[in-house]
Structure formats: C-alpha cells, structure tokens
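K.L.:
Have a look; sequence and predicted model below, questions after that.
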Amino acid sequence: MFRHIKDFTDAFKYESESTLKVFKHISNEALAHKPHADVRSMQRLVWHITITLGEMLGKAGLTIDCPDEHSKPLNDMEEIYKVYEKASKSVLNEVVKNWKDSDLTDEVSMYGENWAKGTILTVLIKHEAHHRGQLTILMRFSGLTVPGIYGPSKEEWAAFDVPSPE
C-alpha cells in the first residue's frame with residue numbers, strides 16, 4: 001500500500017511509460033489477434049488497461065480524463081496510445097491535486113469491499129502490470145517485437161549480442 005503520493009507518482013510514471021512502450025509495438029493489424037477462445041484480443045486488453053484508469057479511480061472519487069468503462073474499444077493503436085497517454089497524465093494530476101499523504105489510509109468502497117486509497121493506487125499499478133504481461137504474451141504469439149520492461153526482452157538481449165536466457 002502506498003503511504004506517500006510521491007512514491008505512487010514515481011512508480012506510476014515508470015509503469016505508464018512501460019505501457020506506452022508496449023503499446024508502440026502493437027500494429028493495428030495485430031489488435032484483433034486472439035489465439036484462443038478463452039483469452040481477450042489485444043484490442044480488448046489495450047482498451048481494458050486504458051479505461052481502467054478512469055473506472056477504478058472514478059470509484060475512488062477522482063475524475064480521470066478517460067473514456068467511460070463501457071465505451072467501445074478503438075481500432076487504431078495510435079489513437080489508443082494517445083487516449084492512454086492523456087488518461088495516465090490525468091491520473092497523476094488528479095491524485096496530486098486531490099489527495100494528500102494522510103488521505104491514503106482513508107477507506108473507500110471498492111468492488112464490495114473497503115480499500116484504503118493507498119491500496120487502490122497499488123492495485124491500479126498491479127492491475128496494469130498484470131494485463132500488460134498478458135498483452136506481451138499475445139504480442140509474442142503474433143510475432144511482434146516485445147520491449148523489455150523490468151529487464152531486457154529476447155530482442156534486446158540479441159541486440160547486446162548475448163543469448164537470451166532460456
């Protein structure tokens with residue numbers, strides 16, 4: 001659980017930049033790729049990652065500049081990139097503007113439970129990382145280049161002329 005707004009903003013900046021790095025590697029043609037009936041398409045995943053910023057923090061009382069959680073996914077990655085980028089900047093602005101460190105222990109009703117605001121911020125980041133991981137698997141199955149997030153990707157290891165770990 002975050003106890004300081006600055007800790008959240010530092011972590012969220014890294015995570016949102018990582019998400020944008022992944023989004024840059026997805027083509028419009030790849031959006032519809034769905035290798036199995038029990039997984040979301042890349043289009044659904046990138047849109048879910050994007051709209052959750054407004055949905056989750058909206059339930060916590062913040063107004064994020066983001067499409068409604070029931071909006072239809074866009075078909076253009078450049079547009080999705082711009083929408084996510086704008087929403088992620090809005091997250092940072094709204095959290096800094098509306099919450100103080102002392103607010104992070106205040107509880108809010110979330111999904112039938114009571115969560116501290118600091119927990120909501122933690123879950124927001126973990127939720128995004130979780131779905132970004134799913135997205136990179138779909139990207140790999142689609143033959144797209146996967147960028148490194150917490151370390152080098154296979155392609156980045158190759159650029160270093162180092163065999164990727166098996």
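P.N.:
Yes, it's here.

K.L.:
mind checking the longest helix of this structure?
P.N.:
helix 117-141 (DSSP state H).

K.L.:
helices and strands around that helix, which ones?
P.N.:
helix 5-24, helix 42-59, strand 107-110 (3 or more Cβ pairs under 8 Å, 6 or more residues apart in numbering; DSSP states H and E). (Glycine included, C-beta is placed from N, CA and C.)

K.L.:
Can you list the buried residues in that helix?
P.N.:
117-125, 128, 131-132, 135-136, 138-139 (16 or more other Cβ atoms under 10 Å).

K.L.:
Let's check: the centremost residue of the chain is which one?
P.N.:
What sits nearest the mean C-alpha location of the chain, by Cα atoms, centre = their mean, is residue 128, with 3.5 Å.

K.L.:
List the contacts of that one.
P.N.:
With contact set as Cβ atoms under 8 Å, 6 or more residues apart in numbering, residue 128 has these partners: 15, 16, 19, 49, 52.

K.L.:
let's see it at 10 Å
P.N.:
Contacts for residue 128 (Cβ atoms under 10 Å, 6 or more residues apart in numbering) come out as 12, 15-16, 18-19, 48-50, 52-53, 56, 84, 88.

K.L.:
one step back: turn the helices and strands packed on helix 117-141 into TSV, including mean neighbour count.
P.N.:
Formatted as TSV, the helices and strands packed on helix 117-141 follow (neighbours: other Cβ atoms under 10 Å):
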stretch	mean neighbour count
helix 5-24	17
helix 42-59	21
strand 107-110	13
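
K.L.:
Residue 101: which of those is closest?
P.N.:
helix 5-24 (5.8 Å; Cβ to Cβ).

K.L.:
any idea how far residue 126 is from residue 11?
P.N.:
10 Å (Cβ to Cβ, to the nearest Å).

K.L.:
And for residue 129?
P.N.:
For residue 129, the distance to residue 11 equals 10 Å [Cβ to Cβ].

K.L.:
what sits up against the lowest-mean-pLDDT helix or strand in the chain?
P.N.:
Across the helices and strands of the chain, mean pLDDT, DSSP states H and E gives its lowest value to helix 154-159, namely a mean of 84. For helix 154-159, contacts defined as Cβ under 10 Å, 6+ apart pick out 25, 140, 144-148, 151-153, 162-165.

K.L.:
7 Å - rerun?
P.N.:
For helix 154-159, contacts defined as Cβ atoms under 7 Å, 6 or more residues apart in numbering pick out 145, 146, 148, 163, 164.

K.L.:
what's the answer for stretch 88-97, then?
P.N.:
So stretch 88-97 is in contact with 5, 8, 9, 12, 16, 53, 57, 62, 63, 64, 65, 66, going by Cβ under 7 Å, 6+ apart.

K.L.:
Good, wrapping up.
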